[in-house]
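K.L.:
Build me a structure from this.
(2 chains)
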Amino acid sequence: EVQLVESGGGLVQPGGSLRLSCAASGFTFSDYWMSWVRQAPGKGLEWVANIKVDGSEKYYVDSVKGRFTISRDNALNSLHLQMTSLRAEDTSIYYCIQGGMPTGWFAQWGQGTLVTVSS
Amino acid sequence: DVQMTQSPSSLSASVGDRVTITCRASQSISRSLNWYQQEPGKAPKVLISAASTLQSGVPSRFSGSGSGTDFTLTIISLQPEDFAIYYCQQSNSIPYTFGQGTKLEIK
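P.N.:
Down below sits the predicted model:
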């Protein structure tokens, strides 16, 4: 059974940083692209970033380019999202996802971790 | 960026009804369209990929169709567990974008 468990969310002040992690199990992590998708409270879904199986390609939504960095550790079956210069509009539940490319759809989702940016 | 517009934004229906949700892309996306269901307090779940391919384990009362810019999700014989929010998502080009969602409520 695929399991994706996010951690690292919490309350952070505007301009601050946070690192999200996702522990993956139940599948061969190094065979899959991975993604982050976020959802502001009571709002819709927004794709944030993708990373290729070996980490050699990364893609970001414009609103986080230069501030967020997606990375992975295939030896530890983990996915990360380093977030800097956080803004109030980054407040969301962040979901770790198996998939995103090359299939294009988000096959398996974690339960999400809430990031709140507020003073 | 490809803009995705769903209609309606909300929909009331009864158990046993047939409902259709529409998703329109701002430019042609071929058949690169996926549908998700999100139950309250849960993560979304993919229902349909590539416009019409039912994901494993998804009941056959769900179906998808369309290509180019216009797509539909149809649910026949609504069940109580189907009352949720539905999102479309295009995977034709980065950035992947979602529709704003359709809330399906019990009448």
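K.L.:
before we move on, could you check phi and psi at the residue of chain B found nearest chain A?
P.N.:
Nearest residue of chain B to chain A (Cβ to the nearest Cβ) works out as B:S91 at 2.5 Å. All C-beta atoms are positioned from the backbone trio N, CA, C, and that covers glycine. In terms of degrees, to the nearest 10, the main-chain angles of B:S91 are phi -120, psi 30.
K.L.:
For B:T22, see how far away it is.
P.N.:
18 Å (Cβ to Cβ, to the nearest Å).
K.L.:
Between those two, point out the one with more neighbours.
P.N.:
Taking other Cβ atoms under 10 Å in any protein chain shown, B:S91 and B:T22 do not tie; B:S91 has more neighbours (25 against 16).
K.L.:
And for the more buried one, nearest residue in space, chain neighbours not counted?
P.N.:
A:G104 (2.5 Å; Cβ to Cβ, 6 or more residues apart in numbering or on different chains).
K.L.:
residue closest to the middle of chain B?
P.N.:
B:W35 (3.9 Å; Cα atoms, centre = their mean).
K.L.:
beta partners for that one?
P.N.:
B:I48, B:C88 (DSSP bridges).
K.L.:
and stretch A:58-71 with chain B, contact?
P.N.:
Yes - judged by Cβ under 8 Å from any Cβ of the partner chain, stretch A:58-71 and chain B are in contact via A:Y59, A:V61, A:D62.
K.L.:
Quick check, pLDDT for B:I106.
P.N.:
Looking at B:I106, its pLDDT reads 89.
K.L.:
Look at the closest residue to it other than its chain neighbours and say how many residues are nearby.
P.N.:
The shortest distance from B:I106 to any non-neighbouring residue, by Cβ to Cβ, 6+ apart, is to B:F83 (5.2 Å). B:F83 has 18 neighbours, counted by other Cβ under 10 Å.
K.L.:
Distance of B:F83 relative to A:F106?
P.N.:
22 Å.
K.L.:
Likewise for B:L33?
P.N.:
For B:L33 relative to A:F106 (Cβ to Cβ), the value is 13 Å.
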